[in-house]
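> Kindly generate the corresponding structure for this input.
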Amino acid sequence: MVATTEALAATMAEGPTSHTQNQAVRPANTFGYTREQQIEALYKLREPFKPEEIRYLPRVWCGTCKNSRGQGCQNHRMTKCGKCGSRMPDGGHIDLRFVGHAEATNRLLNVDPFWDWEPLTVDERGLPTLDGYRGLWIRLTVCGMTRLGYGHAGDKTGGDAIKEIIGDAIRNAGMRFGMALDLWTSSDLEIIESGGPSVDEGQESPGERAEQLASGPGRELEKLKAKVNAGWNNVLSCEQNLAEARQKKLLDELVAVGEQQVRVEDLLSNRIATLKAAQGGDTERSAA
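Here you go, the predicted structure:
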């Protein structure tokens, strides 16, 4: 008991190690999964979903259409969208790709049949507690790894709202593991947040333009380089990036390191070996 108390005190003395300083200290438990198995699980979670598993959520970006009460505007006539199936202003909206609760649950079960989630807080009856915004914070555990997620039901009420909140929180936490992360592009989000320009008939829609920007030549290598830089001092991130480079056939691509050109595989393999040898010591900060 003394050893356990001392170990807990030592952990707290090291400072916050997760996404939030307010999260309660929890004992580490990998449930018997090895590090290699966890890395493999993370890689499987990040695999793209099949086209038939992807749904579309319409979002109107045209300001005039938003205020037209479903009438559209002079540049965008209302019609049934072939993607989302909703009646939307043609060219005045984009369709955000997402996966539903069932598809997310199926992916989690395929990766870890014993996955689980729990609310961050409960009331005196043991029921999940909603925050001041009527949202729910949860812990999602997959293969002995736990990460936070947040769910909200929007304008829904009653039992439907509770189910929506849970499903939304699981998908949100799953995205922290990389699940369906590729479905959200920065281009889509930028159009939603700032509003895109009106599109004349015959021109590409904002959604099509976003897809083209996200799939240009060398785009996959640039995405990987950004991930390598972000996770340069983390062994797990480097191992995940190496697995992704192998899957996308980028191992032989060259990246600039100082004045030299280094293969992606060599860069990541050497970095992983350096971090493991350091055993938590100070690490260099330069990357691809």
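> what residues are up against the nearest residue to Gly70 once chain neighbours are set aside?
Nearest non-adjacent residue to Gly70, counting by C-beta to C-beta, 6 or more residues apart in numbering: Met78, 6.7 Å away. C-beta here means a position set from N, CA and C on the backbone, and glycine is covered the same way. Met78 sits next to 70-72, 87-90 when contact means C-beta atoms under 8 Å, 6 or more residues apart in numbering.
> hey, what's Met78 bridged with?
Taking DSSP bridges as the rule, Met78 bridges to Pro89.
> how close does the nearest residue to Ala243 once chain neighbours are set aside get to Met179?
Nearest non-adjacent residue to Ala243, counting by C-beta to C-beta, 6+ apart: Tyr43, 4.8 Å away. Tyr43 sits 11 Å away from Met179, going by C-beta to C-beta, to the nearest Å.
> Adding pLDDT, neighbour count and distance to Phe98 as columns, could you present the contacts of Met78 in CSV?
CSV is the format used below for the contacts of Met78 (pLDDT from 0 to 100; neighbours: other C-beta atoms under 10 Å; distance: C-beta to C-beta, whole Å):
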residue, pLDDT, neighbour count, distance to Phe98
Gly70, 85, 10, 23
Gln71, 88, 12, 27
Gly72, 87, 22, 24
Arg87, 92, 12, 20
Met88, 92, 23, 16
Pro89, 90, 24, 20
Asp90, 89, 17, 21
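> Out of those residues, which is nearest to Asn110?
Met88 (33.4 Å; C-beta to C-beta).
> OK, contacts around the nearest residue to the closest one once chain neighbours are set aside?
Nearest non-adjacent residue to Met88, counting by C-beta to C-beta, 6+ apart: Cys81, 4.7 Å away. The neighbourhood of Cys81, defined by C-beta under 8 Å, 6+ apart, consists of 56, 58, 87-88, 90, 93, 95.
> before we move on, back to that, before we move on, what SS does the residue nearest to Ala243 have?
Secondary structure state of Tyr43, per DSSP: H, G, I helix; E, B strand; the rest coil, is helix.
> same question, Glu244
Glu244 is classified as helix under three-state DSSP.
> So what does the residue nearest to Met88 look like in phi/psi?
phi -80, psi 140 (degrees, to the nearest 10).
> sorry, back to before: if we only consider the contacts of Met78, which is nearest to Pro113?
Once C-beta to C-beta is applied, the member of the contacts of Met78 that ends up nearest Pro113 is Met88, at 39.3 Å.
> So for the closest residue in space to Gly144 that isn't next to it in sequence, what's the pLDDT?
With C-beta to C-beta, 6+ apart as the criterion, Gly144 has its nearest non-adjacent residue at 3.5 Å, and that residue is Thr30. Here, the pLDDT recorded for Thr30 equals 77.
> my guess is Thr30 meets Gln38, correct?
Yes - here Thr30 reaches Gln38: they are 7.3 Å apart, a contact under C-beta atoms under 8 Å.
> From the neighbour counts alone, determine which of Tyr43 and Met179 ranks first.
Taking other C-beta atoms under 10 Å, Tyr43 and Met179 do not tie; Met179 has more neighbours (27 against 17).
> In contact with the more buried one: list those residues for me.
With C-beta under 8 Å, 6+ apart, Met179 has these contacts: 45-46, 104, 107-108, 171.
> What is the longest helix of this protein by residue count?
helix 158-176 (DSSP state H).
> In that one, which residues are buried?
By 16 or more other C-beta atoms under 10 Å, the buried positions in helix 158-176 come out as 161-162, 164-175.
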